[in-house]
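*Asks:* could you look at this predicted model? Sequence included:
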Amino acid sequence: MEIENHIIKNIKFVNSPNFNERPENTKICLIVIHSISLPPNVYGNNYVEDFFMNKLITSDHDYFQEIQDMRVSSHLYIKRTGETIQFVPLNMRAWHAGESSFKGIKDCNNYSIGIELEGTDCDIYSNEQYESLIKISRLIIKNYPETNKESIVGHSDISPGRKTDPGNKFEWRRYLDAL
């Protein structure tokens, strides 16, 4: 596995329209782990991909009407099977963190890479997801030298009180020790 032009080779790339340029002279120095499922608590479909592409059919589920006007993306999305999809080149600013700050620096989207795991705050994640997340994280750390094990956080860490993902079932020790 390698990165070429900020795209991870040998995984599916779907170019989300929900991104923009990072501020000038900004270094990527943070990895943010998230969880998502659409509709909530339902797995094994393509709704997250549709959501990141602004193609969600709102009549498919009542919940989709609540999020129909949101424009969000993540750099990467890891399904429960371990399949990884990239939506935004890693050098670009994906819209994943929202209102956030890390070590006193606001707007984590400016300097982070967002990785979404198909899941919820209260479910365990699959072994396949951990395997993919570990491989991808190693690759990011290798290619973006400002990132390291100490610069990996959950969405809950950068948006406390507003977000709780990836949740208390996420095995931080298992993940970080494997890096």
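*Replies:* Looks like it arrived, so ask away. Numbering: from 1, shown residues only.
*Asks:* got the end-to-end distance for stretch 68-82?
*Replies:* Start-to-end span of stretch 68-82 (CA to CA, to the nearest Å) is 27 Å.
*Asks:* residues of it that come out buried?
*Replies:* Of all the residues in stretch 68-82, those buried under the rule 16 or more other CB atoms under 10 Å are Val72, Ser73, Ser74, His75, Leu76, Tyr77, Ile78, Lys79, Arg80. Every C-beta, even on glycine, is put in place using the N, C-alpha and C of the backbone.
*Asks:* how near is Leu117 to His155?
*Replies:* Counting by CB to CB, to the nearest Å, the separation of Leu117 from His155 is 10 Å.
*Asks:* which residues do the two both contact?
*Replies:* The contact sets of Leu117 and His155 overlap at Ile33, His34, Ser35, Pro166 (CB atoms under 8 Å, 6 or more residues apart in numbering).
*Asks:* which one of these is nearest to Trp95?
*Replies:* Nearest to Trp95 among the shared contacts of Leu117 and His155 is His34, at 11.8 Å by CB to CB.
*Asks:* could you list the paired strands of the helix or strand where the closest one lies along with their orientation?
*Replies:* Using DSSP states H and E, His34 sits in strand 30-36. Looking at strand 30-36 with DSSP bridges, its partner strands are strand 112-118 (parallel), strand 152-154 (parallel).
*Asks:* how about the helix or strand just after that strand: buried residues?
*Replies:* Following strand 30-36 in sequence order, the next helix or strand is helix 47-52 (DSSP H and E). For helix 47-52, burial by neighbour count (16+ other CB under 10 Å) applies to Tyr47, Val48, Glu49, Phe51, Phe52.
*Asks:* what's the neighbour count on Lys55?
*Replies:* Look at Lys55: counted by other CB atoms under 10 Å, it has 11 neighbours.
*Asks:* distance check, it against Asn46.
*Replies:* For Lys55, the distance to Asn46 - CB to CB - is 9 Å.
*Asks:* what do you get for Gly154?
*Replies:* Distance of Gly154 to Asn46, computed by CB to CB: 25 Å.
*Asks:* using the three-state scheme, assign Asn15.
*Replies:* coil (DSSP: H, G, I helix; E, B strand; the rest coil).
*Asks:* quick one, helices of the chain?
*Replies:* Using DSSP state H, the helices of the chain run over 47-52, 62-67, 127-143, 155-158, 172-178.
*Asks:* please give me every residue in contact with the residue nearest in space to the middle of the chain.
*Replies:* Nearest to the mean C-alpha position of the chain, counting by CA atoms, centre = their mean, stands Ile115 at 2.1 Å. Contacts for Ile115 (CB under 8 Å, 6+ apart) come out as Ile31, Val32, Ile33, His34, Ser74, His75, Leu76, Tyr77, Ile78, Leu133, Ile136, Ser137.
*Asks:* now the residues you listed in a markdown table, please, with extra columns for distance to Thr84.
*Replies:* Compiled in a markdown table, the contacts of Ile115 are given as follows (distance: CB to CB, whole Å):
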| residue | distance to Thr84 |
| --- | --- |
| Ile31 | 14 |
| Val32 | 16 |
| Ile33 | 13 |
| His34 | 14 |
| Ser74 | 11 |
| His75 | 10 |
| Leu76 | 6 |
| Tyr77 | 7 |
| Ile78 | 5 |
| Leu133 | 9 |
| Ile136 | 6 |
| Ser137 | 11 |
